[in-house]
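Peer 1: pasting the sequence and the predicted model now:
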Amino acid sequence: MAGAQEDPPPTLRAPQPQGSNYSPSTAGWLADRSRSQGPGFRVGNLELHPGVGVELGYDTNVFFEDENPEDSFLLRVTAHLNVSTLTQQRREDGETDDGDGESRNLDFRAGIAASYYHFFIEQARDNVALDANLALTINPTGRFSVYLHDEFSRAVRPFVDRATVDGSIMGEVPTYARDRNVAGVEARLQSAGGVLRGSLGYDYTLDYFEDDLFDFANSHSHDFRLNLSWRFLPQTALISRSTVTFQDYFRADDGASTALTDNWRVRSMLGINGALTEKLGFTVLAGYGAGFFSIGDSYDSVVAHADLRWRPRQTMQFQIGYDRRFVSSFIGNYMKQDRIYLSHRLLLGGSFLLGAEVGLSFDETGLALAADEMSILGNAPVREDIRLSATLYTEYRFTDWLGLNLSLAYYGDFTDYEYNDALLSPGTVWPDPGGGYQKFEAWLGLRVFY
(Lines give C-alpha, C1' and ligand atoms only; values in the text may rest on other atoms or scores of the structure.)
Protein backbone atom coordinates (compact mmCIF):
# COMPACT_ATOMS: atom_id res chain seq x y z
CA MET A 1 0.00 0.00 0.00
CA ALA A 2 1.25 3.44 -0.88
CA GLY A 3 0.23 4.94 2.45
CA ALA A 4 2.31 2.60 4.56
CA GLN A 5 6.01 2.59 5.06
CA GLU A 6 8.13 -0.46 5.48
CA ASP A 7 8.84 -1.31 9.08
CA PRO A 8 11.10 1.53 10.17
CA PRO A 9 14.60 0.10 9.63
CA PRO A 10 16.96 -0.18 12.55
CA THR A 11 18.50 3.20 13.27
CA LEU A 12 21.41 3.77 10.90
CA ARG A 13 22.58 7.15 12.21
CA ALA A 14 23.44 8.47 15.62
CA PRO A 15 21.27 11.32 16.92
CA GLN A 16 21.78 14.80 15.48
CA PRO A 17 24.90 16.37 16.94
CA GLN A 18 24.27 18.66 19.86
CA GLY A 19 24.29 22.40 19.36
CA SER A 20 21.20 24.20 18.16
CA ASN A 21 22.91 25.72 15.13
CA TYR A 22 24.75 22.81 13.64
CA SER A 23 24.86 23.37 9.88
CA PRO A 24 24.89 20.64 7.21
CA SER A 25 28.42 20.26 5.94
CA THR A 26 27.70 20.14 2.23
CA ALA A 27 25.04 20.97 -0.36
CA GLY A 28 21.50 20.07 0.72
CA TRP A 29 20.69 17.95 -2.33
CA LEU A 30 23.43 15.46 -1.39
CA ALA A 31 21.29 14.15 1.47
CA ASP A 32 18.83 12.68 -1.07
CA ARG A 33 20.45 10.12 -3.35
CA SER A 34 17.52 10.32 -5.78
CA ARG A 35 18.41 13.98 -6.34
CA SER A 36 22.19 13.54 -6.51
CA GLN A 37 22.33 10.49 -8.79
CA GLY A 38 21.69 10.16 -12.51
CA PRO A 39 21.92 7.11 -14.80
CA GLY A 40 25.40 6.18 -13.54
CA PHE A 41 28.17 4.04 -15.00
CA ARG A 42 28.35 0.29 -14.57
CA VAL A 43 31.76 -1.17 -13.72
CA GLY A 44 31.43 -4.91 -13.21
CA ASN A 45 28.95 -5.46 -10.39
CA LEU A 46 29.27 -1.84 -9.22
CA GLU A 47 27.71 1.37 -10.43
CA LEU A 48 29.31 4.80 -10.13
CA HIS A 49 27.52 8.14 -9.84
CA PRO A 50 29.78 11.22 -10.10
CA GLY A 51 28.61 14.82 -10.01
CA VAL A 52 29.62 18.44 -9.57
CA GLY A 53 27.60 21.54 -8.71
CA VAL A 54 28.25 25.28 -8.57
CA GLU A 55 25.99 27.49 -6.42
CA LEU A 56 25.78 31.14 -5.48
CA GLY A 57 24.29 31.84 -2.07
CA TYR A 58 23.38 34.65 0.28
CA ASP A 59 23.31 34.52 4.08
CA THR A 60 21.80 37.43 6.04
CA ASN A 61 23.35 36.43 9.38
CA VAL A 62 26.57 34.47 9.01
CA PHE A 63 27.39 34.39 12.75
CA PHE A 64 23.90 33.98 14.25
CA GLU A 65 23.99 37.42 15.88
CA ASP A 66 20.96 39.00 17.55
CA GLU A 67 22.16 42.56 16.78
CA ASN A 68 24.03 44.06 13.80
CA PRO A 69 24.26 40.79 11.87
CA GLU A 70 26.96 40.27 9.25
CA ASP A 71 25.60 39.25 5.85
CA SER A 72 27.53 37.77 2.96
CA PHE A 73 27.28 36.31 -0.50
CA LEU A 74 28.77 32.81 -0.77
CA LEU A 75 30.14 30.61 -3.51
CA ARG A 76 29.88 26.86 -3.07
CA VAL A 77 31.48 24.33 -5.42
CA THR A 78 30.62 20.71 -4.63
CA ALA A 79 31.94 17.50 -6.16
CA HIS A 80 30.74 14.04 -5.21
CA LEU A 81 31.07 10.38 -6.14
CA ASN A 82 28.73 7.58 -5.06
CA VAL A 83 29.55 3.90 -5.53
CA SER A 84 27.27 0.93 -4.90
CA THR A 85 26.43 -2.59 -5.93
CA LEU A 86 23.78 -2.71 -8.64
CA THR A 87 20.62 -0.90 -7.58
CA GLN A 88 17.13 -2.31 -7.91
CA GLN A 89 16.45 -0.09 -10.92
CA ARG A 90 19.29 -1.63 -12.90
CA ARG A 91 18.14 -5.12 -11.93
CA GLU A 92 14.64 -4.30 -13.13
CA ASP A 93 16.14 -3.03 -16.38
CA GLY A 94 17.69 -6.46 -16.88
CA GLU A 95 21.24 -5.69 -15.77
CA THR A 96 21.81 -8.75 -13.57
CA ASP A 97 24.87 -9.75 -11.59
CA ASP A 98 26.00 -12.00 -14.48
CA GLY A 99 24.67 -15.04 -12.69
CA ASP A 100 27.43 -15.31 -10.12
CA GLY A 101 25.03 -14.44 -7.28
CA GLU A 102 27.58 -12.40 -5.39
CA SER A 103 25.44 -9.27 -5.16
CA ARG A 104 22.70 -11.28 -3.48
CA ASN A 105 25.06 -12.00 -0.60
CA LEU A 106 26.51 -8.51 -0.32
CA ASP A 107 25.15 -4.98 -0.63
CA PHE A 108 27.72 -2.22 -0.70
CA ARG A 109 27.34 1.56 -0.83
CA ALA A 110 29.86 4.33 -0.38
CA GLY A 111 30.10 8.01 -1.15
CA ILE A 112 32.37 11.00 -0.78
CA ALA A 113 31.65 14.69 -1.27
CA ALA A 114 33.62 17.90 -0.84
CA SER A 115 32.23 21.45 -0.83
CA TYR A 116 34.46 24.49 -1.13
CA TYR A 117 32.95 27.59 0.52
CA HIS A 118 34.03 31.13 -0.35
CA PHE A 119 32.61 33.98 1.74
CA PHE A 120 32.59 37.47 0.24
CA ILE A 121 33.48 39.02 3.61
CA GLU A 122 36.82 38.95 5.38
CA GLN A 123 35.32 37.97 8.75
CA ALA A 124 34.60 34.41 7.55
CA ARG A 125 37.34 32.14 6.24
CA ASP A 126 37.18 30.05 3.09
CA ASN A 127 37.10 26.35 3.89
CA VAL A 128 36.24 22.89 2.63
CA ALA A 129 33.45 20.76 4.03
CA LEU A 130 33.60 16.99 3.66
CA ASP A 131 31.21 14.09 3.80
CA ALA A 132 32.04 10.42 3.43
CA ASN A 133 30.01 7.29 4.10
CA LEU A 134 30.37 3.56 3.80
CA ALA A 135 27.67 0.93 4.29
CA LEU A 136 27.98 -2.83 3.89
CA THR A 137 25.25 -5.42 4.38
CA ILE A 138 26.21 -9.08 4.49
CA ASN A 139 23.47 -11.51 3.40
CA PRO A 140 20.90 -8.69 2.90
CA THR A 141 18.04 -10.95 1.76
CA GLY A 142 18.65 -13.69 4.32
CA ARG A 143 16.96 -14.29 7.64
CA PHE A 144 20.16 -13.21 9.38
CA SER A 145 22.24 -10.29 8.13
CA VAL A 146 24.99 -8.01 9.39
CA TYR A 147 25.17 -4.29 8.68
CA LEU A 148 28.41 -2.29 8.97
CA HIS A 149 28.68 1.45 8.46
CA ASP A 150 30.91 4.48 8.89
CA GLU A 151 29.90 8.10 8.33
CA PHE A 152 32.21 11.09 8.50
CA SER A 153 31.41 14.79 8.17
CA ARG A 154 33.44 17.96 8.42
CA ALA A 155 31.19 21.00 8.88
CA VAL A 156 32.72 24.45 8.35
CA ARG A 157 29.83 26.92 8.42
CA PRO A 158 29.99 29.36 11.38
CA PHE A 159 27.68 28.23 14.19
CA VAL A 160 28.26 30.98 16.76
CA ASP A 161 29.56 34.56 17.05
CA ARG A 162 33.28 35.40 16.88
CA ALA A 163 35.47 35.87 19.94
CA THR A 164 35.64 39.57 20.85
CA VAL A 165 37.13 41.78 23.58
CA ASP A 166 35.52 45.21 24.06
CA GLY A 167 33.83 44.86 20.70
CA SER A 168 37.05 44.00 18.81
CA ILE A 169 37.71 40.60 17.27
CA MET A 170 40.17 38.64 19.43
CA GLY A 171 42.85 36.74 17.53
CA GLU A 172 42.37 34.87 14.28
CA VAL A 173 38.85 34.09 13.11
CA PRO A 174 38.30 30.37 13.83
CA THR A 175 37.68 27.82 11.10
CA TYR A 176 34.48 26.57 12.82
CA ALA A 177 35.54 23.13 11.61
CA ARG A 178 33.71 20.32 13.38
CA ASP A 179 34.60 16.70 12.60
CA ARG A 180 32.14 13.98 13.40
CA ASN A 181 32.54 10.27 12.76
CA VAL A 182 30.00 7.53 13.48
CA ALA A 183 31.06 3.91 13.03
CA GLY A 184 28.99 0.90 13.95
CA VAL A 185 27.81 -2.64 13.46
CA GLU A 186 24.34 -4.13 13.60
CA ALA A 187 23.07 -7.72 13.63
CA ARG A 188 19.61 -8.26 12.09
CA LEU A 189 17.33 -11.26 12.35
CA GLN A 190 13.91 -11.93 10.82
CA SER A 191 11.46 -14.81 10.54
CA ALA A 192 10.95 -16.63 7.24
CA GLY A 193 8.12 -14.36 6.10
CA GLY A 194 9.44 -11.20 7.71
CA VAL A 195 6.62 -11.11 10.26
CA LEU A 196 9.08 -10.85 13.14
CA ARG A 197 12.18 -8.69 12.89
CA GLY A 198 14.84 -7.62 15.33
CA SER A 199 18.23 -5.93 15.40
CA LEU A 200 20.97 -5.27 17.94
CA GLY A 201 23.50 -2.56 17.13
CA TYR A 202 26.42 -0.53 18.45
CA ASP A 203 27.79 2.87 17.31
CA TYR A 204 30.92 4.73 18.34
CA THR A 205 30.72 8.50 17.77
CA LEU A 206 33.60 10.98 17.89
CA ASP A 207 32.69 14.68 17.93
CA TYR A 208 35.76 16.88 17.51
CA PHE A 209 36.27 20.64 17.08
CA GLU A 210 39.48 21.55 15.26
CA ASP A 211 39.74 25.04 16.82
CA ASP A 212 41.32 25.29 20.28
CA LEU A 213 38.56 27.77 21.10
CA PHE A 214 36.00 24.96 21.24
CA ASP A 215 38.09 21.94 22.27
CA PHE A 216 36.40 21.80 25.68
CA ALA A 217 33.31 20.48 23.86
CA ASN A 218 35.05 17.46 22.29
CA SER A 219 33.40 14.18 23.21
CA HIS A 220 32.92 10.56 22.28
CA SER A 221 29.85 8.39 22.74
CA HIS A 222 28.89 4.73 22.81
CA ASP A 223 25.36 3.89 21.60
CA PHE A 224 23.65 0.52 22.04
CA ARG A 225 20.38 -0.11 20.17
CA LEU A 226 17.67 -2.76 20.24
CA ASN A 227 14.84 -2.65 17.67
CA LEU A 228 11.96 -5.13 17.38
CA SER A 229 8.89 -5.36 15.13
CA TRP A 230 5.91 -7.68 14.72
CA ARG A 231 3.88 -7.33 11.51
CA PHE A 232 0.41 -8.40 12.63
CA LEU A 233 -1.34 -7.05 9.51
CA PRO A 234 -0.02 -6.98 5.92
CA GLN A 235 0.96 -3.30 6.15
CA THR A 236 0.92 -2.67 9.91
CA ALA A 237 3.48 -3.56 12.56
CA LEU A 238 4.01 -3.19 16.29
CA ILE A 239 7.48 -1.70 16.79
CA SER A 240 9.86 -1.15 19.69
CA ARG A 241 13.01 1.02 19.77
CA SER A 242 15.42 1.22 22.70
CA THR A 243 18.75 3.07 22.99
CA VAL A 244 21.38 3.46 25.72
CA THR A 245 24.11 6.10 25.26
CA PHE A 246 27.29 6.80 27.24
CA GLN A 247 28.99 10.16 26.54
CA ASP A 248 32.37 11.40 27.73
CA TYR A 249 33.81 14.93 27.32
CA PHE A 250 37.47 14.01 27.09
CA ARG A 251 38.86 17.57 26.72
CA ALA A 252 36.64 19.48 29.19
CA ASP A 253 38.61 21.64 31.64
CA ASP A 254 38.16 24.49 34.11
CA GLY A 255 38.74 27.08 31.39
CA ALA A 256 35.63 26.13 29.48
CA SER A 257 32.71 28.53 29.48
CA THR A 258 30.08 25.94 30.42
CA ALA A 259 29.88 22.96 32.76
CA LEU A 260 30.06 19.97 30.43
CA THR A 261 29.76 16.65 32.19
CA ASP A 262 29.97 12.96 31.39
CA ASN A 263 26.59 11.28 31.24
CA TRP A 264 24.57 8.31 30.21
CA ARG A 265 21.09 8.36 28.67
CA VAL A 266 18.38 5.83 27.96
CA ARG A 267 15.29 5.91 25.75
CA SER A 268 12.68 3.26 25.03
CA MET A 269 9.59 3.61 22.82
CA LEU A 270 6.76 1.32 21.75
CA GLY A 271 4.21 1.98 19.02
CA ILE A 272 2.58 1.14 15.68
CA ASN A 273 3.63 1.84 12.11
CA GLY A 274 1.13 1.14 9.35
CA ALA A 275 -1.54 2.21 6.88
CA LEU A 276 -5.11 3.42 7.26
CA THR A 277 -5.76 3.31 3.50
CA GLU A 278 -3.68 2.79 0.36
CA LYS A 279 -2.84 6.51 0.44
CA LEU A 280 -2.70 7.25 4.15
CA GLY A 281 -0.03 5.96 6.53
CA PHE A 282 0.91 6.71 10.12
CA THR A 283 3.43 6.10 12.91
CA VAL A 284 2.76 6.50 16.63
CA LEU A 285 5.41 5.87 19.29
CA ALA A 286 5.54 6.69 22.99
CA GLY A 287 7.84 5.77 25.82
CA TYR A 288 10.32 6.86 28.45
CA GLY A 289 13.58 8.78 28.35
CA ALA A 290 16.09 9.58 31.09
CA GLY A 291 19.52 11.18 31.35
CA PHE A 292 21.96 10.96 34.26
CA PHE A 293 24.72 13.60 34.54
CA SER A 294 27.66 13.99 36.92
CA ILE A 295 26.95 17.71 37.45
CA GLY A 296 23.72 19.69 37.30
CA ASP A 297 20.28 18.54 36.25
CA SER A 298 19.27 15.07 35.16
CA TYR A 299 15.94 14.28 33.51
CA ASP A 300 13.33 11.58 33.15
CA SER A 301 10.10 12.07 31.22
CA VAL A 302 7.80 10.88 28.47
CA VAL A 303 9.16 10.80 24.91
CA ALA A 304 6.96 10.45 21.84
CA HIS A 305 6.77 10.55 18.07
CA ALA A 306 3.72 10.70 15.79
CA ASP A 307 3.34 11.38 12.09
CA LEU A 308 0.66 11.15 9.42
CA ARG A 309 1.60 10.64 5.76
CA TRP A 310 -0.73 11.22 2.82
CA ARG A 311 0.28 10.27 -0.71
CA PRO A 312 -2.61 11.03 -3.09
CA ARG A 313 -0.39 9.91 -5.98
CA GLN A 314 3.10 8.51 -6.35
CA THR A 315 4.53 11.92 -7.26
CA MET A 316 3.00 13.83 -4.32
CA GLN A 317 3.39 13.41 -0.57
CA PHE A 318 2.38 15.38 2.53
CA GLN A 319 3.54 14.71 6.07
CA ILE A 320 2.72 16.20 9.46
CA GLY A 321 4.39 15.11 12.65
CA TYR A 322 5.25 15.75 16.28
CA ASP A 323 8.36 14.86 18.30
CA ARG A 324 8.98 15.08 22.02
CA ARG A 325 12.60 14.24 22.78
CA PHE A 326 15.62 15.08 24.90
CA VAL A 327 18.94 15.84 23.19
CA SER A 328 22.42 16.72 24.45
CA SER A 329 23.13 20.41 24.93
CA PHE A 330 26.30 22.42 25.51
CA ILE A 331 24.42 24.34 28.21
CA GLY A 332 22.27 22.82 30.91
CA ASN A 333 23.30 19.22 30.07
CA TYR A 334 20.25 18.55 27.92
CA MET A 335 17.51 20.24 25.94
CA LYS A 336 13.88 19.16 25.98
CA GLN A 337 12.23 19.63 22.57
CA ASP A 338 8.58 19.63 21.59
CA ARG A 339 8.56 20.01 17.82
CA ILE A 340 5.80 20.14 15.20
CA TYR A 341 6.70 19.84 11.53
CA LEU A 342 5.05 19.83 8.09
CA SER A 343 6.56 18.74 4.79
CA HIS A 344 5.44 18.53 1.18
CA ARG A 345 7.06 17.03 -1.90
CA LEU A 346 5.79 17.21 -5.48
CA LEU A 347 7.33 15.81 -8.67
CA LEU A 348 5.89 16.93 -12.02
CA GLY A 349 6.67 15.25 -15.30
CA GLY A 350 9.69 13.52 -13.83
CA SER A 351 11.71 16.74 -14.22
CA PHE A 352 10.35 19.41 -11.85
CA LEU A 353 10.67 18.89 -8.10
CA LEU A 354 9.09 21.16 -5.49
CA GLY A 355 9.44 20.63 -1.76
CA ALA A 356 8.75 22.55 1.42
CA GLU A 357 9.38 21.96 5.13
CA VAL A 358 8.27 23.95 8.18
CA GLY A 359 9.18 23.22 11.79
CA LEU A 360 8.26 24.86 15.10
CA SER A 361 10.11 23.80 18.24
CA PHE A 362 9.65 24.71 21.91
CA ASP A 363 12.95 24.05 23.70
CA GLU A 364 14.05 24.17 27.32
CA THR A 365 17.42 23.26 28.81
CA GLY A 366 18.30 21.91 32.22
CA LEU A 367 19.93 24.08 34.88
CA ALA A 368 22.43 26.21 32.90
CA LEU A 369 25.64 26.43 34.95
CA ALA A 370 28.95 28.09 34.12
CA ALA A 371 32.23 26.21 34.22
CA ASP A 372 32.69 26.87 37.95
CA GLU A 373 29.58 24.68 38.52
CA MET A 374 28.22 27.36 40.87
CA SER A 375 27.27 30.42 38.80
CA ILE A 376 24.15 30.66 36.65
CA LEU A 377 25.24 30.98 33.03
CA GLY A 378 22.75 33.68 32.06
CA ASN A 379 19.85 35.82 33.16
CA ALA A 380 17.68 32.79 34.03
CA PRO A 381 18.32 29.39 35.64
CA VAL A 382 17.28 27.58 32.42
CA ARG A 383 17.24 28.66 28.80
CA GLU A 384 13.92 28.63 26.92
CA ASP A 385 13.69 29.10 23.14
CA ILE A 386 11.06 29.04 20.42
CA ARG A 387 12.72 28.02 17.15
CA LEU A 388 11.11 28.33 13.74
CA SER A 389 12.52 26.98 10.49
CA ALA A 390 11.11 27.02 6.96
CA THR A 391 12.67 25.69 3.77
CA LEU A 392 11.52 25.81 0.17
CA TYR A 393 13.49 23.97 -2.48
CA THR A 394 12.91 23.36 -6.17
CA GLU A 395 14.81 21.73 -8.98
CA TYR A 396 14.31 21.49 -12.71
CA ARG A 397 16.09 18.73 -14.63
CA PHE A 398 16.81 19.64 -18.24
CA THR A 399 18.01 16.08 -18.82
CA ASP A 400 18.63 13.09 -16.58
CA TRP A 401 22.13 14.48 -15.88
CA LEU A 402 21.70 18.29 -15.73
CA GLY A 403 19.68 20.23 -13.16
CA LEU A 404 19.01 23.77 -11.97
CA ASN A 405 18.28 24.05 -8.23
CA LEU A 406 16.99 26.84 -5.98
CA SER A 407 16.53 26.78 -2.20
CA LEU A 408 15.28 29.38 0.27
CA ALA A 409 15.44 29.00 4.05
CA TYR A 410 14.55 30.92 7.20
CA TYR A 411 15.77 30.18 10.74
CA GLY A 412 14.52 32.07 13.78
CA ASP A 413 15.35 31.69 17.46
CA PHE A 414 13.13 33.66 19.83
CA THR A 415 14.27 33.92 23.44
CA ASP A 416 14.81 36.42 26.26
CA TYR A 417 17.84 34.45 27.45
CA GLU A 418 21.12 36.40 27.63
CA TYR A 419 24.52 35.11 28.74
CA ASN A 420 26.39 36.67 31.65
CA ASP A 421 29.45 38.03 29.82
CA ALA A 422 31.23 38.61 33.14
CA LEU A 423 31.77 34.84 33.33
CA LEU A 424 33.70 34.80 30.06
CA SER A 425 37.47 34.67 29.93
CA PRO A 426 38.93 37.12 27.38
CA GLY A 427 38.81 35.74 23.85
CA THR A 428 36.32 32.93 24.52
CA VAL A 429 32.79 32.48 23.22
CA TRP A 430 29.67 30.64 24.29
CA PRO A 431 29.08 27.45 22.28
CA ASP A 432 25.54 28.56 21.34
CA PRO A 433 24.42 32.10 20.42
CA GLY A 434 22.40 33.94 23.04
CA GLY A 435 19.64 36.50 22.77
CA GLY A 436 18.02 34.90 19.76
CA TYR A 437 18.60 35.54 16.07
CA GLN A 438 16.93 35.54 12.67
CA LYS A 439 18.56 34.28 9.52
CA PHE A 440 17.60 34.01 5.83
CA GLU A 441 19.55 31.92 3.36
CA ALA A 442 19.24 31.43 -0.40
CA TRP A 443 21.08 29.26 -2.94
CA LEU A 444 20.88 29.12 -6.76
CA GLY A 445 22.98 26.63 -8.66
CA LEU A 446 23.57 24.41 -11.63
CA ARG A 447 24.82 20.86 -11.30
CA VAL A 448 25.84 17.98 -13.50
CA PHE A 449 25.38 14.45 -12.18
CA TYR A 450 25.42 11.02 -13.71
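Peer 2: Great, that's in hand.
Peer 1: which residues touch Phe352?
Peer 2: 394-397 (CB atoms under 8 Å, 6 or more residues apart in numbering). (Glycine included, C-beta is placed from N, CA and C.)
Peer 1: in ChimeraX, select just the buried ones from these.
Peer 2: To isolate the buried members of the contacts of Phe352 in ChimeraX, using 16 or more other CB atoms under 10 Å:
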select :395,397
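Peer 1: what pLDDT is listed against Ser294?
Peer 2: pLDDT for Ser294: 90.
Peer 1: tell me who's in contact with it.
Peer 2: For Ser294, the contact set (CB under 8 Å, 6+ apart) comprises 261-263.
Peer 1: list only buried entries from the residues you listed.
Peer 2: If you count burial by 16+ other CB under 10 Å, the buried members of the contacts of Ser294 come out as 261, 263.
Peer 1: what's the most distant pair in the contacts of Phe352?
Peer 2: Thr394 and Arg397 (11.1 Å; CB to CB).
Peer 1: need the overlap of contacts for those two.
Peer 2: Common neighbours of Thr394 and Arg397 (CB under 8 Å, 6+ apart) are 352-353.
Peer 1: ok now the helix or strand containing Ala187, how far from the chain's centre?
Peer 2: For Ala187, the enclosing helix or strand under DSSP states H and E is strand 178-190. In terms of CA atoms, centre = their mean, to the nearest Å, the centre of strand 178-190 is set 15 Å apart from its chain centre.
Peer 1: need the residues that contact it.
Peer 2: Strand 178-190 is contacted from outside by 10, 13-14, 17, 22, 143-156, 159, 196-210, 214, 223, 225, using CB under 8 Å, 6+ apart.
Peer 1: just the buried positions in whichever helix or strand comes after it, please.
Peer 2: Going down the chain from strand 178-190, the next helix or strand is strand 196-209, by DSSP H and E. In terms of neighbour count (16+ other CB under 10 Å), strand 196-209 has its buried residues at 197-199, 201, 203, 205, 207-209.
Peer 1: also stretch 418-433?
Peer 2: By neighbour count on 16+ other CB under 10 Å, the buried set for stretch 418-433 is 419, 423-424, 428-433.
Peer 1: any idea how far Thr365 is from Val382?
Peer 2: Distance, Val382 to Thr365, by CB to CB, to the nearest Å: 5 Å.
Peer 1: circling back to that earlier point, please narrow the contacts of Ser294 to those residing in strands.
Peer 2: Judged by DSSP state E, the contacts of Ser294 include Asn263 as members of strands.
Peer 1: any idea how far stretch 207-214 is from the chain center?
Peer 2: 19 Å.
Peer 1: now do whichever strand or helix holds Gly51, average pLDDT.
Peer 2: For Gly51, the element it lies in under DSSP H and E is strand 46-59. The average pLDDT within strand 46-59 is 95.
Peer 1: which residues of the stretch 101-250 of the chain fall in strands?
Peer 2: Secondary structure of the stretch 101-250 of the chain by DSSP state E, counting those that start in this stretch: the strands cover 106-119, 127-138, 144-155, 164-165, 168-169, 178-190, 196-209, 219-233, 236-248.
Peer 1: let's have the ones you listed in TSV, adding mean pLDDT and distance to Tyr450.
Peer 2: Output for the strands of the stretch 101-250 of the chain, formatted as TSV (pLDDT from 0 to 100; distance: least, CB to CB, whole Å):
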stretch	mean pLDDT	distance to Tyr450
strand 106-119	95	14
strand 127-138	96	19
strand 144-155	97	24
strand 164-165	52	47
strand 168-169	52	44
strand 178-190	97	28
strand 196-209	97	32
strand 219-233	96	36
strand 236-248	97	37
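Peer 1: closest one to Gly271 among these?
Peer 2: Closest to Gly271 of the strands of the stretch 101-250 of the chain is strand 236-248 (CB to CB; 5.9 Å).
Peer 1: can you give me how far the closest one is from the chain middle?
Peer 2: 17 Å.
Peer 1: got it, and stretch 193-211?
Peer 2: Relative to the centre of its chain, stretch 193-211 is centred 14 Å away, using CA atoms, centre = their mean.
Peer 1: any low-confidence regions in this structure?
Peer 2: The chain contains residues with pLDDT under 70 at 1-36, 88-104, 163-171, 252-255, 425-428.
Peer 1: which residues in it form helices?
Peer 2: Applying DSSP state H to the chain gives helices spanning 33-36, 88-92, 102-105.
Peer 1: wait, isn't Arg109 in contact with Ser84?
Peer 2: Yes. Using CB atoms under 8 Å, Arg109 makes contact with Ser84 at a distance of 4.2 Å.
Peer 1: so for these two, which residue has more residues nearby?
Peer 2: Looking at Arg109 and Ser84 with other CB atoms under 10 Å, you find the greater number of neighbours at Ser84, namely 20 against 16.
Peer 1: residues in a beta bridge with the more buried one, which ones?
Peer 2: Taking DSSP bridges as the rule, Ser84 bridges to Glu47, Arg109.
Peer 1: any idea how far it lies from Glu47?
Peer 2: To Glu47, Ser84 is 6 Å away according to CB to CB.
Peer 1: ok, Phe209 next?
Peer 2: Per CB to CB, Phe209 is found 36 Å from Glu47.
Peer 1: tell me the contacts of the nearest residue to Ala237 once chain neighbours are set aside?
Peer 2: Excluding the flanking residues, the one nearest Ala237 by CB to CB, 6 or more residues apart in numbering is Arg231, at 4.3 Å. Contact analysis of Arg231 by CB under 8 Å, 6+ apart lists 7, 194-197, 237.
Peer 1: now distance to Leu406 too, for these, in a markdown table please.
Peer 2: Below are the contacts of Arg231 laid out as a markdown table (distance: CB to CB, whole Å):
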| residue | distance to Leu406 |
| --- | --- |
| Asp7 | 35 |
| Gly194 | 41 |
| Val195 | 45 |
| Leu196 | 45 |
| Arg197 | 40 |
| Ala237 | 38 |
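Peer 1: could you point out which of the residues you listed is nearest to Ser328?
Peer 2: Asp7 (27.7 Å).
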